[in-house]
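[1] give me coordinates for this.
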Amino acid sequence: MHDVIVVGAGPSGSSSALFLAKRGLDVLIIEKKRLPRYKVCAGGTPRYTFELLDLSPSYFDAFNIEKIKVYYRERVREYSIPSNSIFTVHRDQFDYRLTQLACHNGAELLEGEEVIEIEEENNSLTIKTNLGHKFKSRYLIGADGIGSKIARFIGANFRYRVPLAIQKDIPYKNPEPIISLFMGLVPMGYGWIFPKNRTLSVGLGAYAFSPRKMPQVLSILLKDLNHTNIPLLAHPIAFYRGKRRLANERIVLVGDSAHITDPFSGEGIRNAVKSAKIAEETILECIKKNKPLSIYTEKIYSVMARELFLAWMISGIFYRFQDRIFNLMDRFDMGAILSNLLNERTSYSQIFKKILKFIPFRLL
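    The predicted model follows:
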């Protein structure tokens, strides 16, 4: 019998397995795809993510970002990013290398099989796959993404509309280390161009916009790029929308399965790894003190809930009043603010207080 089974080998699943394997637990990762596998993701992540993993950005061949450009229709503003504070990664490489490292530390990987059934017993779980295999475990980590079967099994209620993102990853020999963000393209959303090693990720995301119209809008950003034979892929985004049940006595949800993507930036890798760290700490505590894993829900929200809620509030202001927010940007060092937010050196509480000073007179 395994100590922990992790379902899904994305950032939250692979880092959960890595953390627990390093602690000497018997860990099995079950991933329905064969690794490495492509994932739709702009790939932006701060240095803080690598610090949580205790790994160098170079381990993942991460691309260092130096500047950010913000466009609003015909206008553009450029800001410097503090050195070595924000990077981009290819998700196929990032997830695969994390999973390999977890296996190097003692975890086991089962690829190409999908969990289809879970049975709870007094002191264990039985997990069944689509190929007829059965595995027993003391605990289970659900890291199977936004449509998580594990979340449904424990009764987590995420029945709300989720934003949609579409993207093309275009081969590009020597991209500049500049993230470009495009405001004013869609209501309650934005477009982006994220450089990675040998690639440009060009995408568009929105809270509420017709999916059928999104490719036409994205074509504005693609017009000068050779993208004809590049597939257009879509993916829902697991934004936080309030507290939900994230655990029962033997099962916890991490990453997108827990719907804890930052509602303002759309960045999810950091919180995926952060939730994996909290899952590790909770499982070890529960083993030592013979407690149920259900305490994990409160642990996650005690660390994240306030900031996620304020990020949600700020996103409502930012995306609703994009033209006026753009006009206010030169009052702030946007590169430093973005870096400090993502690296958790500045809180959304502090940003929210600054925004409130301008709302009565500038925005409403």
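[2] ok, which stretches of the stretch 51-200 of the chain are helices?
    Using DSSP state H, counting those that start in this stretch, the helices of the stretch 51-200 of the chain run over residues 91-104, 149-153.
[3] burial count for residue 199?
    Close neighbours of residue 199, defined as other CB atoms under 10 Å, add up to 18. Placement of C-beta: from N, CA and C, glycine included.
[4] go on, residue 267?
    By other CB under 10 Å, neighbour count at residue 267 equals 21.
[5] the bottom helix or strand of the protein by mean pLDDT?
    helix 348-358 (a mean of 76; mean pLDDT, DSSP states H and E).
[6] so which of the helices of the stretch 51-200 of the chain is nearest residue 52?
    Nearest to residue 52 among those is helix 91-104 (11.6 Å), distances taken as CB to CB.
[7] quick check: buried residues in that closest one?
    Of the residues in helix 91-104, 91, 93-103 count as buried by neighbour count, 16 or more other CB atoms under 10 Å.
[8] residue 284 against residue 19, yeah?
    No: look at residue 284 against residue 19 with CB atoms under 8 Å: they stay out of range, at 9.4 Å.
[9] who's more crowded, these two?
    A count of neighbours by other CB under 10 Å puts residue 19 above the other of residue 284 and residue 19, at 25 against 14.
[10] tell me which element residue 203 falls in.
    For residue 203, the host element (DSSP states H and E) is strand 199-206.
[11] pLDDT at the residue lying closest to residue 178 once chain neighbours are set aside, what is it?
    Nearest non-adjacent residue to residue 178, counting by CB to CB, 6 or more residues apart in numbering: residue 67, 4.5 Å away. In this model, residue 67 is scored at 97, pLDDT.
[12] who does residue 67 bridge with?
    When bridges are called by DSSP bridges, residue 67 pairs up with residue 80, residue 178.
[13] for it, give its distance to residue 88.
    Distance of residue 67 to residue 88, computed by CB to CB, to the nearest Å: 13 Å.
[14] now the common contact residues for those two.
    residue 179 (CB atoms under 8 Å, 6 or more residues apart in numbering).
[15] the more surrounded of those two?
    Comparing residue 67 with residue 88 by neighbour count (other CB under 10 Å), the higher total belongs to residue 88, at 25 against 14.
[16] okay, and the beta partners of that one?
    residue 44, residue 63.
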